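Novice: This is the structure alone, sequence omitted:
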């Protein structure tokens, strides 16, 4: 199970990473249009926002998998692997999993309501897919939950000495 989750999150993270050059290119186009041609494109500007949302929301689980998240490491690195795994497991069970479940539960109706009306941009010429952008909220919670499960199972293996 850990391997399946790990492969899925790795594939997701590596796929999402390719949105960064696209996003940077769009920013260059938006800035060029604005300052060289004195024009703009709301569609391109909103595309950057959507891409950024996808990178952040779907990249969170990949960051967790690769230990790229923020950690205040004053004494943690000096502890044994078992102690580190115990601390991580407690953190996952007390903070990560409940947070992810809360986000999933409390965002569900919000996102469904957006899908029901096919919510779009309030701006003329903007992207008409706000409902898709809002879908990233429960998607983030789900991917974080499954990666948290894999991390917790890995911690249990370390604690047991496997």
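Specialist: Received it, and whenever you're ready, just let me know what you need. Because the structure is predicted, anything quoted here is derived from the model rather than measured.
Novice: quick one: low-confidence ranges for the chain?
Specialist: Nowhere does the chain drop to pLDDT under 70.
Novice: which helix in it runs the most residues?
Specialist: Criterion DSSP state H: the longest helix present in the chain is helix 130-160.
Novice: Next one: residue 138 from residue 156, what distance?
Specialist: 27 Å (C-beta to C-beta, to the nearest Å). Any C-beta I mention is one placed from the backbone N, CA and C, and that applies to glycine too.
Novice: neighbour count winner among the two?
Specialist: Comparing residue 138 with residue 156 by other C-beta atoms under 10 Å, the one with more neighbours is residue 138, at 20 against 13.
Novice: List the buried residues of the strand or helix carrying residue 103.
Specialist: For residue 103, the element it lies in under DSSP states H and E is helix 97-116. Residues of helix 97-116 classed as buried by neighbour count (16 or more other C-beta atoms under 10 Å): 97, 100, 103, 104, 107, 111, 114.
Novice: and of the residues you listed, the nearest to residue 150?
Specialist: Taking C-beta to C-beta as the measure, residue 97 is the one of the buried residues of helix 97-116 closest to residue 150, at 11.8 Å.
Novice: Go ahead and confirm the closest one touches residue 146.
Specialist: No - counting by C-beta atoms under 8 Å, residue 97 stays clear of residue 146, with 10.6 Å between them.
Novice: Tell me what angle whatever helix or strand residue 11 lives in forms with helix 130-160.
Specialist: Residue 11 belongs to helix 2-17 when assigned by DSSP H and E. Going by axes from the mean of the first three to the mean of the last three C-alpha atoms, to 10 degrees, helix 2-17 is angled at 140 degrees with respect to helix 130-160.
Novice: which secondary structure elements does helix 2-17 contact?
Specialist: Counting contacts by 3 or more C-beta pairs under 8 Å, 6 or more residues apart in numbering; DSSP states H and E, helix 2-17 is packed against helix 42-65, helix 130-160.
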